[in-house]
Structures are given as structure tokens and as C-alpha cells.
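J.: from the sequence below, what's the structure:
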Amino acid sequence: MQLPRPDEYNTAIQNPQIAFKDPELQKCSVETNILGLPKPYSGGFTITYKLLDNNTKKSYAIRCLHRDIQNLPKRYEVISNFLNSHPSRFFVKAQYLLEGIRVSDKFYPIIKMPWLEGQTLNAYLEQTYKQEPKVKKIISEFENLVRELEELKVAHGDLQHGNIIVKDEHLFLIDYDGMYLPALDALRSNEIGHINYQHPKRSAKDYDLYLDRFSTIVIYLGLQAITLKPSLWEKYNNGENILFTSKDFADPKNSLLLKELSEIAELKPHIEKLISCCYLEPAQVPKLDEFLGKNIQLNVNVQGRITVNRSQYLVLKATDKALLLQYVGQKVEVVGKVVKVKESYTREGLPCCFINFGGYWPYQSFTVVLWQECLIKFKDNFQLHDLENKWVSVIGIIQQYLGVPEIVLELPSQLQVLSGEEEAKERLALEPITSTLGSSSTPLPEEQTNYENENLPHTGTDKEADIFNKLYKNKVPAPPPPPRTLQPLTEENLIPSPFPKVQVKQAANIANIPTPSTTTANTSPNTKNATPIATHTTQKPSYTSPSATTTPTPPHQPVSTSISLPPKAHQSDNYEELKQKLHEWILVLTFIAGVIGILVNFVEKKSWFQGFLLGCVVGLAFSYTLVSIILFFIKVINWIKSLFK
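T.: Sure, this is the predicted structure:
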């Protein structure tokens, strides 16, 4: 089934009364961003929106699929029945609605869940990592969660920071797309999880009760390490992990983190066992309680490097504007060299910043936008202008503004400074992890893992691209969507409203009114020698683009015409326009003063050139001083206004 594009979901959900059949959802309003447009959260093969019923104050998470996943109705039917018959405080109910949302007069499935007002695990740790009692409470809660999963004989399939919500110091699991239940044993895994938490050899053939065992060990040891040495969080957190990254599992003997953890007496025996587990098959990894026990015997002398050349996200060049526009609404990693950092103010007098790539504004190929909410989270000693001429990596959801692709940062950890051009090339060469593999009843052949040490046995591989090729080598790529006839933007299309809310007037066919996508954020898990600017995130990984034998069609082609609604301020805000006009007047006043100097010297029968030169100098000094005073007072006024916001 060909599913709608992210921008089409963003358009349709603006009017819940028309978009949904579900009576509860029809009464809701969708959460909006600073533009007054729906705010999407990207996750896996879905886009999630928050809907609020203003009468009952109930909130819902609506997950819209933009990738077709085989047997998803059956999966959620089994999962829903299981959660109803086995109530657990760690799970929330999930309902699969076949006729969920209307897009262009056709209904598509959605997943409806209660919205949890909490924080993702790593966002919670960002605020509490120095508070040992709170972290220990989370460790105890996590042990109970793992124990209950084992007792229920289920596996989540993607245990990681973004799928664990902390609310009132209690843990909740979300995102059950890759969940394993005995009733689903005949199916295949449709994802292989976040690479910073999963076994380096995990592949699509791994789908059983052991699915979560490696990730539970990783999370547990990460939490314990934080309680013993909180400074590890500041040093190793990159916004996409709990200390560990996939490189630590691929080459444990050369991992700086593992060496540092081995120096902690309480953790040393556990780290040795973790290194041994990296060389086991995923099915051989012990349970958490067995791992922590003294009776388990593991070979701690194994050596070698497991080849894992992949990234959590599709990595794109910041200078490839056309390609970036093809992934509007998708979470990607963008790598490039910063050309210019431009600081500015919003129309409300609040600070903002624009980081441009590929050229100076307005000829840039890509922009990173930082509003005040993000700017205040940067370290005090960090200067954004220091990013100029440096190579960086940015992770977030692509949106477009006036035809220019951009990512709006919500957290500083979404942006990582790279060591140089060589590391940027390494990142661009990485293949994206294939987390949506689909399901298949055909057994997959055993894979082989490539070791750099020839003395080690060749016992498996982790090339998800090969698995994808075998599953889909005979499948014809979906054709690109047909061109749409778009309505021109007129005054009749919009309802004026107090800033910043901008509402789109209800139309007979609301899907014909395109709107730009919005962004959320995250950070690269595999940034070599990267310098994290700050450590904080709330979003989960999402984008996956498999490498297939047949080149797949991009998620969607850029829409040629779109409604570009003005944000609070962009690079052409009022202050910048006024500043530019005043500087132009400096030249005008200087020229006028020069002409006056010529006339004065002509009357006094002196050299006209000297008169012109003297007039220009006096005019330049006077006009520049006047403009500087005006701009200073404008900044003072904006600052005073910001104090009362």
C-alpha cells in the first residue's frame, strides 16, 4: 500500500473533525509549533502527533505510518489482546485503527495511544545525573521492568532511551512495533533497534525472547556507571546514548569508554563480561540477573574487531539542496562545513540564530535554525560564531522555508562538531541502519560476521543491507506520487490571527493546501572524536533507508508550490531589514555631504575635490554615529521587551 508523505499528513491533521473517524479524536486539537502548524515527532516508520481534548484534558499520541510494514495489523491485534489480558504498569494501551486518518479523501491506518507527559530516559538523566538517589531509583525501577518482561515472556525489541519514558520516577515503555510475543513467532522482526543499544551481530533473523538481553545489560551498566562517576555523562553523552555507542561494541578492546569503566573496581568484572558478550551470538547473551551473578562463565580473552559500518540515520551532504528537499519530514543526519553564523532577534525581541551552509544568506543550500529556547541550553563558554569554517553534523527532521531545507534545533546535542573534513567524509560513507525490514515467512540464511583478526572464527555478519536485498530483490519500487494541482495562496486561504498563531482556513479538500513540515531533533551516535556542545535530548531515532539492489524511490519529491507562513523571525526579520536600510542611508548621507562640500568650495573658489573629500569624511562620521546610536537604542528596547515576556 502506498502511504501518504509526511507533508500530506501534516496538512490533513490540521482539521481533526474531518481527518478522523474516531469520535474521541474528532473532538481534539493538534499540538502546534511556533508557526501554528502541527508539530510532528518522527519515530521509526511513523510520524507521531499529540492531540488534546480540551474538554476532558486527555491527550493522545497518533502515529501515522509513512512506510508500509508487513503484518502490522496482525501485530497490533496480538499486542492489544496481550496487553488487555496481561495488564502491566510498564505498558500503555495501543490501538490499531484501520480507517484512522483521511488524506485526500482516502483513509489510512494509524496507531492510537495515550500520550505520556514525561521525559525520555536520557532527557531525565540530563537533569538528574548528579543526583545519585534519583538515578538509583531509576536503576531499581529498570530491574523491575526487565524482570517483568522475562516473566511475561515478551521482548520489546528496541529498548533504548527514546522508548523509555520517565514519569514521576516510574518507567513506561512505548513504541511496540518490533515487540516479540510467542503468538508472533511465525513472523520476522521488522526492525533491529537503535545501534547504540543493540548487539553488533543482531540482524533480521533475531526474533525471540532474547531480543532485549544485550540492550538491558548496556542500559543497566550505563546507569550504574553514572552513579559511580557522574562526570562520565558529561564526557560520553552525545544525545543518542547512555554512555555507550556502537563503536564500543564493535571494537571493545580499543574503546576509551570501556577502558575508563574498567578502572572502576565495582564495574571491572561486568565490563569484562560485556566485552565477551559482544563476540557471542545474540541468542547466547545471558539474562541480566545471570549476567550480574557470579556463576556465569564467559571467555574474557576474546579479541578482534567486528566490522560495523553503519549509521542510525541516512547521512546527507549539507550542500546537496535538491536531495535534502526530497527528505522533507524525515529525520536524517546532515554533514557539512559552516559558512556563516548569523545572530538576530525575533519580532518579539528574543534572540535567535541561523547557521548557514553552502553559501551566504539568501543563497545558502541548508540552514540550522536556533530559537531562544535552544540558545539558552548551550554552554555559557561556547560561542556559536566559533562554528564558522568548521565541519559539523546535525540530526533532525528536515523542513523547508521558502524553498531552503532546514533543521530547527531543540537541543544543542543535535549538533556535533567534527574533527575535520576527513571525519565528515567517513560519516558520509556510512550506510544507514535498516530498521524497517518488513516481515517474511521465508527463512533467511545464516549470515557471516567479518573479523579483522584472522585468528578468530568467522561466525556471522551484521549486514542488514544484504538481508534487505534478499527480502525485496524482486519487488518493484513504488512509483513517485502523481503531481498535484495546488491552490495559489490568497487572502481567502488564511485567517488573520494574533501572532504567533497562524491558522489555515478549513477547505472542502484540506489536503490540497500544502504546509511546510516542522522539526524535532537528535544526535549522531557514531561521531568520531566529536565534541558535544551540550548533552540533552528528548527524541528517539527514526529514519532508516535500506540499501537495496533496486534503487528505491525517495520518500517524496519536493512540492513545487507551498504555503510559506512567516515564523516569529527569520533571517530577513524587521531588525535586520532596518539595520540594512540604515547602512544604506549612511552611503546616501555621505554622498550628499560630499556634494555640499563641493558647493561650499565652489562659492569660496577653492578646490572642489578637497570640498568633496572633506564633506564625505564629515558626512560619513556623522551618519555612522547617528545610525549606531539608533541601533543601540533599538537593541535596548528589544532587551527591555524580552524581560517582560
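J.: drop to CA atoms for contacts and neighbour counts, all remaining ones
T.: OK.
J.: which of the residues in the biggest helix by length in the chain are classified as buried?
T.: The longest helix of the chain (DSSP state H) is helix 608-643. Going by neighbour count (16 or more other Cα atoms under 10 Å), the buried part of helix 608-643 is 608, 611-616, 619-620, 623-624, 638-639.
J.: same check on stretch 96-116?
T.: Residues 96-97, 100-104, 107-116 are the ones in stretch 96-116 that count as buried (16+ other Cα under 10 Å).
J.: and if you look at stretch 375-384?
T.: Buried residues in stretch 375-384, counted by 16+ other Cα under 10 Å: 375, 377-378, 384.
J.: helix or strand with the lowest mean pLDDT in this protein?
T.: The helix or strand of the chain with the poorest confidence is strand 521-522; it has a mean of 38 (mean pLDDT, DSSP states H and E).
J.: so what does the top strand by length along the chain touch, helix or strand wise?
T.: Using DSSP state E to define each element, the chain has its longest strand at strand 331-345. Strand 331-345 sits against strand 315-317, strand 351-357, strand 391-397, helix 421-428, helix 574-603, with contacts defined as 3 or more Cα pairs under 8 Å, 6 or more residues apart in numbering; DSSP states H and E.
J.: for the longest helix of the chain, packing partners?
T.: helix 574-603.
J.: any low-confidence regions in the stretch 501-645 of the chain?
T.: For the stretch 501-645 of the chain, residues meeting the criterion pLDDT under 70 lie at 501-578, 641-645.
J.: in the stretch 51-200 of the chain, which spans are strands?
T.: Ranges of strands in the stretch 51-200 of the chain, per DSSP state E, counting those that start in this stretch, are 59-65, 95-103, 106-114, 119-120, 164-167, 170-173.
J.: C-terminal to the last one, what's the next element?
T.: To tie it back to what came earlier, the one meant is strand 170-173. Following strand 170-173 in sequence order, the next helix or strand is helix 213-228 (DSSP states H and E).
J.: contacts for that following helix, please.
T.: With contact meaning Cα atoms under 8 Å, 6 or more residues apart in numbering, helix 213-228 is reached by 129-130, 132, 135-136, 139, 142, 146, 159-160, 197-199, 232-233, 242-244, 261, 267, 270, 274, 277, 282, 285-288, 291.
J.: repeat for stretch 369-380
T.: Outside stretch 369-380, the residues within contact range by Cα under 8 Å, 6+ apart are 350-355, 406-412, 533-534.
J.: please redo it, this time with the cut-off set to 7 Å
T.: Residues outside stretch 369-380 that contact it (Cα atoms under 7 Å, 6 or more residues apart in numbering): 350-355, 407-412, 533-534.
J.: avg pLDDT for it?
T.: Mean per-residue pLDDT for stretch 369-380: 83.
J.: what residues sit buried inside stretch 66-81?
T.: 66-67, 69-73, 75-76, 79-80.
J.: any chance of the strands of the stretch 51-200 of the chain in CSV, plus mean pLDDT?
T.: Listed next are the strands of the stretch 51-200 of the chain as CSV, based on pLDDT from 0 to 100:
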stretch, mean pLDDT
strand 59-65, 92
strand 95-103, 91
strand 106-114, 92
strand 119-120, 91
strand 164-167, 94
strand 170-173, 95
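J.: out of the ones you listed, nearest to residue 632?
T.: Nearest to residue 632, of all the strands of the stretch 51-200 of the chain, is strand 119-120, at 40.9 Å by Cα to Cα.
J.: direction included, what does the closest one pair up with?
T.: Strand 119-120 pairs in its sheet with strand 164-167 (antiparallel), by DSSP bridges.
J.: which residues touch residue 199?
T.: Contact partners of residue 199, counting by Cα under 7 Å, 6+ apart, are 214, 278, 282.
J.: any idea which of those residues has the most stuff around it?
T.: residue 214 (25 neighbours; other Cα atoms under 10 Å).
J.: so how far is residue 266 from it?
T.: According to Cα to Cα, to the nearest Å, residue 214 and residue 266 sit 20 Å apart.
J.: returning to what we had before: turn the buried residues of stretch 66-81 into CSV, columns for pLDDT.
T.: Below are the buried residues of stretch 66-81 laid out as CSV (pLDDT from 0 to 100):
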residue, pLDDT
66, 81
67, 77
69, 74
70, 73
71, 78
72, 77
73, 80
75, 84
76, 83
79, 87
80, 85
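J.: how about a markdown table for the residues you listed, with distance to residue 602 added?
T.: Shown next, in a markdown table, are the buried residues of stretch 66-81 (distance: Cα to Cα, whole Å):
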| residue | distance to residue 602 |
| --- | --- |
| 66 | 76 |
| 67 | 79 |
| 69 | 85 |
| 70 | 88 |
| 71 | 91 |
| 72 | 89 |
| 73 | 90 |
| 75 | 92 |
| 76 | 91 |
| 79 | 94 |
| 80 | 94 |
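J.: okay, and which of these map to helices?
T.: The helices, defined by DSSP H, take in 72-73, 75-76, 79-80 from the buried residues of stretch 66-81.
J.: for residue 596, state which of the residues you listed is nearest.
T.: When these are ranked by distance to residue 596 (Cα to Cα), residue 72 comes first, at 80.0 Å.
J.: could you find the closest non-adjacent residue to that closest one?
T.: Leaving aside its sequence neighbours, residue 72 sits nearest to residue 177 (Cα to Cα, 6 or more residues apart in numbering; 7.7 Å).
J.: burial measure for that neighbour, as a count.
T.: By other Cα under 10 Å, 21 other residues sit near residue 177.
J.: and for residue 49?
T.: Per other Cα under 10 Å, the neighbour tally for residue 49 reads 23.
J.: assumed it was part of a strand.
T.: Yes. Counting by DSSP: H, G, I helix; E, B strand; the rest coil, residue 49 is part of a strand.
J.: give the contact list for the nearest residue to residue 591 once chain neighbours are set aside.
T.: Leaving out its chain neighbours, the residue that sits closest to residue 591 by Cα to Cα, 6+ apart is residue 616, at 6.2 Å. The contact partners of residue 616, by Cα under 7 Å, 6+ apart, come to 590-591, 593-594.
J.: filter those down to the buried ones, ChimeraX style.
T.: Per 16+ other Cα under 10 Å, the buried members of the contacts of residue 616 correspond to this ChimeraX selection:
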select :590,591,593,594
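J.: export stretch 595-608 to PDB, keeping only CA atoms.
T.: Extracted C-alpha coordinates of stretch 595-608, given in PDB (Å, rounded to 0.1, in the frame of the first residue of the first chain):
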ATOM      1  CA  VAL A 595      28.100  67.400  -2.800                       C
ATOM      2  CA  ILE A 596      27.500  70.100  -0.200                       C
ATOM      3  CA  GLY A 597      31.300  70.300   0.300                       C
ATOM      4  CA  ILE A 598      31.700  70.900  -3.500                       C
ATOM      5  CA  LEU A 599      29.200  73.700  -3.400                       C
ATOM      6  CA  VAL A 600      30.800  75.400  -0.400                       C
ATOM      7  CA  ASN A 601      34.200  75.300  -2.000                       C
ATOM      8  CA  PHE A 602      32.800  76.500  -5.300                       C
ATOM      9  CA  VAL A 603      31.400  79.600  -3.600                       C
ATOM     10  CA  GLU A 604      34.600  80.200  -1.800                       C
ATOM     11  CA  LYS A 605      36.600  79.500  -5.100                       C
ATOM     12  CA  LYS A 606      38.500  76.600  -3.600                       C
ATOM     13  CA  SER A 607      39.300  73.100  -4.900                       C
ATOM     14  CA  TRP A 608      36.100  71.200  -5.500                       C
END
